[in-house]
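Novice: please work out how this folds:
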Amino acid sequence: MIDKKSALEVAANAAILLSAVLFCGILINAAVTERNAREEARPYHRGDRMESIRGLNLDRSATSLLLVLRSSCRFCNESLPFYHRLLDSARNAGVASVALMFDTQNVAGLYVQKNELQVREVVAIQGNQLRRVSGTPTLILIDRTGTVINSWIGKLSEDGESEVFDAIRHVK
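Specialist: Here you go, the predicted model:
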C-alpha cells in the first residue's frame, strides 16, 4: 500500500513531467511557426515562381515588370522620378509594366494617374495575395510563366537603380 507521502511524490513527479512535455511542445510549435513565417516572407529570387494574382494576365508579354507599391508609402513616392525613367526604359525594351497596388482599385488608379505612371495595367491587391512581399516598394521582373528573373526591394541606391536598368536592357 502506498502511503500519502509516496502518492504525493508520484503526483508531483507526474505534474513536473507533464509540464516539461507541454513546455517542449510549445517550444517546438513556436520554432516551426517561426520557420514557416520566415519561409513565407522570403523575398522572390531568380527562378522562383510567383503565385497567381487575380486580375493579372501575364500571357500578353514575354516579360513584365511588376511595381509593387502603396499610395501611402514614403519610399514609393520618393522613387517616382526613378520609376518614370524605368517605365520609359521598359517600354523601349518591350517589357510590359504593371502596378500592383496594396490599395483599393479606386485609390490605386488615382495614384497611378496622378503620378503619371505609364503602366499597362493597375491591379489592386490584398496583403495575402503576395505573401512573400514584405514591404513596398518592390520591383519584380518576371517572364510570362511567372518565373522571377530578378527582384529588388525598397528605395534603391544609384547602383541598385543601375542594376534594374541593366536587367531591363538584357531581357531576352
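Novice: what's the spacing between the residue most central in space within the chain and Arg70?
Specialist: By C-alpha atoms, centre = their mean, the mean C-alpha position of the chain lies nearest to Val133, the distance being 1.0 Å. Distance, Val133 to Arg70, using C-beta to C-beta, to the nearest Å: 10 Å. Backbone N, C-alpha and C define where each C-beta goes, glycine included.
Novice: pull out the buried residues from stretch 105-122.
Specialist: By neighbour count with 16 or more other C-beta atoms under 10 Å, stretch 105-122 contains the buried residues 108, 111-112, 117, 119-120, 122.
Novice: what's the end-to-end length of that stretch?
Specialist: The first and final residues of stretch 105-122 sit 8 Å from each other (C-alpha to C-alpha, to the nearest Å).
Novice: so which residues of this structure form strands?
Specialist: Applying DSSP state E to the chain gives strands spanning 63-69, 96-101, 121-124, 138-143, 148-153.
Novice: contacts for the longest one, please.
Specialist: Read it as strand 63-69. 58, 76, 83, 86-87, 90, 94-102, 111, 117, 119, 125, 130, 133, 136-144, 149, 168, 171 (C-beta atoms under 8 Å, 6 or more residues apart in numbering).
Novice: next one: stretch 54-61
Specialist: With contact meaning C-beta under 8 Å, 6+ apart, stretch 54-61 is reached by 64, 94-96, 98, 100, 120-121, 123-124, 129, 142-146.
Novice: picking that back up, switch the buried residues of stretch 105-122 over to TSV; also include pLDDT.
Specialist: Below are these laid out as TSV (pLDDT from 0 to 100):
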residue	pLDDT
Ala108	96
Tyr111	97
Val112	96
Leu117	97
Val119	95
Arg120	92
Val122	94
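Novice: widest-spaced pair of those?
Specialist: For those, the maximum inter-member distance is 15.8 Å, found between Tyr111 and Arg120 (C-beta to C-beta).
Novice: how much space between the residue nearest to the centre of the chain and Leu56?
Specialist: Applying C-beta to C-beta, the value for Val133 to Leu56 is 14 Å.
Novice: what residues go with each domain of the protein?
Specialist: Segmentation of the chain into domains, based on automatic domain parsing, reads 1-40, 63-169.
Novice: that'll do, ta.
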